[in-house]
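Chemist: My questions concern the predicted model and sequence given below.
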Amino acid sequence: MKVPFYRHSLDASSAALVAEVIQSGFLTSGQRCSRVEERLRAIFNVSHAKLTSSWTQGAVATLLALGIGPGDEVIVPAMTFVATANVVKQVGARPVFVDVEPSTLLIDIALVKAAVTPQTKAVIPVHLYGQMVDVPALRAALPAGIKIIEDAAHCFEGRRAGRRPGSDSDAAIFSFYATKNVTCGEGGAVITNDAELAANLNETVLHGMSATAAQRFSAGRYQHWDVERLGTKANLPDLLAVLLEGQLETVDDRLEQREALARRYEESFADTPISFPTIEAGAVSARHLFAIHVPDGRRDWLMRMLNDQGIGATVNYRSVTELSLYRNDASVRRGSFPVARAWGEGTLSLPLFPTLQEAEQDYILNVLRYEILPFLDSSETEERGVAAL
């Protein structure tokens, strides 16, 4: 049996929606985007929402809108996707890494507090794999004036103590990438309650221009525009936004399916050497990924075994500070991120998506239970002719 890492749920009706946009004659950011933004404001109970072409470009536009740039520092966790750190470098600021908590893999708030300097302008907590960081606790640990930008790429459905992304931060940024719980292939969104940030963001998502394409012709004739601040190209077109509307109405139903699948994995690994992050009391995880940790340097061997059996296991993610760009950066303190490094050296992600069938998950679990876990120690794996990579 072959089980892919991910299988999207879009069908022929999605193609019909795209066709409607094509027939309208307006392909870039317009009414479809506005409708989705209105729905996002309602879902998250925020004042402002802006669709973007990706999480990455949304983050760049947000940092620019906040005036963060050369000479500034932004604190980020060492365990995350590399984009969280890269966007800071892209605006000329310096990412300052801190380690994560051993049980949850979420940013260690005590280490954040210790890392603050006069140059610190923001912190980007990452809601890794779908579980929210305690944003109010993070806020209480920071001096006034330091911005909190939630990396909610994994956490559209997440909650903590009944609070959702965007409730207690300066901004939260989502991803609608191909494998995300809500997807349009590529895309993202920024939500905020800060009116000034929202006004600046409207410009920084479009080169800094003071008017969108629709606004420039809104009066039936061309309207001049200006540029007062540096921006990027981060707007989402209606062609992709149209794919999001229906998914927003059914996202909680899909979360129930993901939760059931994730709990089944957890129950199966309860008495094995496999470990996984703890979901804390009061938190509702979006269950974007099901990541596990394989001990004793056996991760790559186990992943090869799964792949050879047709199972789409992959790695999300190694510690950012172990990637060459940052490992070779003299400003990154070597050896200061033991939790992130250890997790990154042993983690892999198993297939997790709403249309994963019971028979498919049974196959994954049976391969692990009977073909892999009994031979997990190094001597037996070598005897079977599959040495660790």
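Modeler: Everything's here; your move. The model shown is predicted, which means the values in this text are computed figures rather than measured ones.

Chemist: Only the buried residues of stretch 59-73, if you could.
Modeler: Along stretch 59-73, the positions that meet the burial threshold by neighbour count (16 or more other Cβ atoms under 10 Å) are A59, V60, A61, T62, L63, L64, A65, L66, I68, D72, E73. C-beta coordinates here come from the backbone N, C-alpha and C atoms, glycine included.

Chemist: How far off centre is the host helix or strand of the fourth one?
Modeler: Under the assignment given by DSSP states H and E, the secondary-structure element containing T62 is helix 55-65. Here the centre of mass of C-alpha atoms in helix 55-65, compared against the chain's by Cα atoms, centre = their mean, to the nearest Å, lies 14 Å away.

Chemist: packing partners for it?
Modeler: Contact here means 3 or more Cβ pairs under 8 Å, 6 or more residues apart in numbering; DSSP states H and E; on that basis helix 55-65 packs against strand 48-52, helix 83-90, strand 147-151, strand 171-175, strand 188-192, helix 195-204.

Chemist: Show me what the longest one is packed against.
Modeler: When you say that, I think you mean helix 195-204. Judged by 3+ Cβ pairs under 8 Å, 6+ apart, the packing partners of helix 195-204 are strand 48-52, helix 55-65, strand 188-192.

Chemist: which residues are contacting it?
Modeler: Contacts made with helix 195-204 from outside it, assessed by Cβ atoms under 8 Å, 6 or more residues apart in numbering, are listed as 47-48, 50, 61-62, 64-66, 170-171, 190, 192, 209-210, 212, 227-232, 234.

Chemist: The same query, at a cut-off of 10 Å, please.
Modeler: With contacts defined as Cβ atoms under 10 Å, 6 or more residues apart in numbering, helix 195-204 is touched by 46-50, 52, 57-58, 60-67, 147, 149, 170-171, 190-192, 194, 208-212, 215, 225-232, 234-235.

Chemist: Return the members of these classed as buried.
Modeler: Neighbour counting with 16+ other Cβ under 10 Å marks 46, 48-50, 52, 57-58, 60-66, 147, 149, 170-171, 190-192, 194, 208-212, 225, 231-232, 234-235 as buried within the contacts of helix 195-204.

Chemist: Point out where this protein drops to low pLDDT.
Modeler: For the chain, residues meeting the criterion pLDDT under 70 lie at 213-214, 216, 218-220, 378-389.

Chemist: and the next helix or strand after the helix holding T62, which strands flank it?
Modeler: Next along the chain after helix 55-65, taking DSSP H and E as the criterion, comes strand 73-77. As defined by DSSP bridges, the strand partners of strand 73-77 come to strand 94-98 (parallel), strand 120-123 (parallel).

Chemist: Between strand 147-151 and strand 73-77, find me the angle.
Modeler: With axes from the mean of the first three to the mean of the last three Cα atoms, to 10 degrees defining the directions, strand 73-77 sits at 40 degrees from strand 147-151.

Chemist: Return the distance of strand 73-77 from the chain's centre.
Modeler: Strand 73-77 sits 16 Å away from the centroid of its parent chain (Cα atoms, centre = their mean).

Chemist: before we move on, what about stretch 104-124?
Modeler: When C-alpha coordinates are averaged (Cα atoms, centre = their mean), stretch 104-124 and its chain have centres 18 Å apart.

Chemist: just to revisit the earlier point, which one of the strands paired with strand 73-77 lies nearest to A161?
Modeler: Closest approach to A161 among the strands paired with strand 73-77 (Cβ to Cβ): strand 120-123, 19.4 Å.

Chemist: between the buried residues of stretch 59-73, which is nearest Q131?
Modeler: The nearest member of the buried residues of stretch 59-73 to Q131, counting by Cβ to Cβ, is A59 at 19.7 Å.

Chemist: List the buried residues of stretch 23-42.
Modeler: Neighbour counts over stretch 23-42 (16+ other Cβ under 10 Å) mark S29, G30, R32, C33, V36, E37, L40 as buried.

Chemist: The residues you listed in helices, which ones?
Modeler: Using DSSP state H to define helices, the subset of those located there is R32, C33, V36, E37, L40.

Chemist: Please convert those residues to JSON lines, extending it with distance to R163.
Modeler: Converted to JSON lines, those look like this (distance: Cβ to Cβ, whole Å):
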{"residue": "R32", "distance to R163": "29"}
{"residue": "C33", "distance to R163": "26"}
{"residue": "V36", "distance to R163": "22"}
{"residue": "E37", "distance to R163": "21"}
{"residue": "L40", "distance to R163": "16"}
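
Chemist: May I ask which two of the residues you listed are separated the most?
Modeler: In those, two members sit farther apart than any others by Cβ to Cβ. They are R32 and L40, at 12.9 Å.

Chemist: what touches both of the two?
Modeler: Residues touching both R32 and L40 (Cβ under 10 Å, 6+ apart): L51, L244.

Chemist: quick revisit: now, of the helices and strands packed on helix 55-65, which is deepest in the fold?
Modeler: By mean neighbour count, with neighbours taken as mean count of other Cβ atoms under 10 Å, strand 171-175 ranks first of the helices and strands packed on helix 55-65 at a mean of 30.
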